[in-house]
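*Asks:* I would like the atomic coordinates for the input below:
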Amino acid sequence: MGNYKVESDFMHNGLRCVVVFTSMGHRCGYVGIDKEHPLFGKYYSSKCLKMADIEDQPIGKRGIIPIFCAGENESELVSPDLYFDVHGSITFSGGNPSDYPVKSALWWFGFDCAHAGDESDYKQAFDYGILSEDRLNALQSYRSCLGGVHRSKEYVESECKSLADQLKKLTEDDGQCSD
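*Replies:* Sure thing, here's the model as predicted:
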């Protein structure tokens with residue numbers, strides 16, 4: 001039994017986007033960049049982007065915590081998790097040899113829909129064959145006390161497109177990532 005199922009794999013604005021459904025009942029979205037992108041090989045916590053580019057931005061979908069952290073930052077640089085406005089902020093970066101979320105030579109930036117206000121769908125994970133019946137039964141009672149919104153595949157695809165647009169804009173603006 002795998003830990004996730006790829007639900008969607010598509011191109012947007014020249015970048016590969018992937019939506020996965022996890023065994024914990026929530027979706028994650030990923031956008032892959034190639035070695036020509038200034039963020040290739042950079043981790044989501046690497047302080048390498050200009051703080052000035054986001055100082056006047058609203059909180060957006062990234063949430064209050066990244067914005068608070070950016071405000072406490074004394075550096076002129078911020079990390080991709082603070083820079084990009086996507087659901088719950090960037091929570092993943094990585095590339096080969098992991099082949100996650102799909103086999104590729106890309107470097108991935110991803111986000112998850114398992115934050116406060118998000119709800120898991122354990123039954124869907126069971127139906128996909130990525131969650132055992134015993135685990136499903138154990139988690140069903142936990143689910144009822146959380147509440148929240150289960151983020152649809154279409155919602156996560158839309159967030160992937162938004163992230164792809166932001167990543168693409170960084171290259172069009174001659175964005176640099178300092179070390």
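*Asks:* C-alpha only now, for contacts and for neighbours.
*Replies:* Noted.
*Asks:* got the phi and psi for the most centrally placed residue in the chain?
*Replies:* The C-alpha lying nearest the average C-alpha coordinate of the chain belongs to F111 (CA atoms, centre = their mean; 1.4 Å). Backbone dihedrals for F111, given as degrees, to the nearest 10, come out at phi -140, psi 160.
*Asks:* so how far is G88 from it?
*Replies:* With distances defined as CA to CA, to the nearest Å, the gap from F111 to G88 amounts to 7 Å.
*Asks:* which pLDDT value goes with the residue nearest to E76 when sequence neighbours are not counted?
*Replies:* Leaving aside its chain neighbours, E76 sits nearest to M51 (5.4 Å; criterion: CA to CA, 6 or more residues apart in numbering). Model confidence at M51, given as pLDDT, is 76.
*Asks:* residues near M51, how many?
*Replies:* 20 (other CA atoms under 10 Å).
*Asks:* what is whichever strand or helix holds F21 packed up against?
*Replies:* Secondary-structure element containing F21, defined by DSSP states H and E: strand 15-22. The elements that strand 15-22 packs onto, with contact taken as 3 or more CA pairs under 8 Å, 6 or more residues apart in numbering; DSSP states H and E, are strand 4-12, strand 27-33, helix 153-172.
*Asks:* need the winner for burial among these.
*Replies:* Counting by mean count of other CA atoms under 10 Å, strand 27-33 has the highest mean neighbour count of those, with a mean of 28.
*Asks:* helices of the protein, residue ranges please.
*Replies:* 64-72, 80-83, 122-127, 133-143, 153-172 (DSSP state H).
*Asks:* where among those is average confidence lowest?
*Replies:* helix 64-72 (a mean of 57).
*Asks:* kindly reformat the helices and strands packed on strand 15-22 as JSON lines and extend each row with distance to N96.
*Replies:* JSON lines is the format used below for those (distance: least, CA to CA, whole Å):
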{"stretch": "strand 4-12", "distance to N96": "18"}
{"stretch": "strand 27-33", "distance to N96": "11"}
{"stretch": "helix 153-172", "distance to N96": "19"}
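*Asks:* nearest to D99, out of these?
*Replies:* For these, the distance to D99 is smallest for strand 27-33, at 11.4 Å, taking CA to CA.
*Asks:* now that closest one against strand 4-12, angle please.
*Replies:* Angle between the axes of strand 27-33 and strand 4-12 is 40 degrees (criterion: axes from the mean of the first three to the mean of the last three CA atoms, to 10 degrees).
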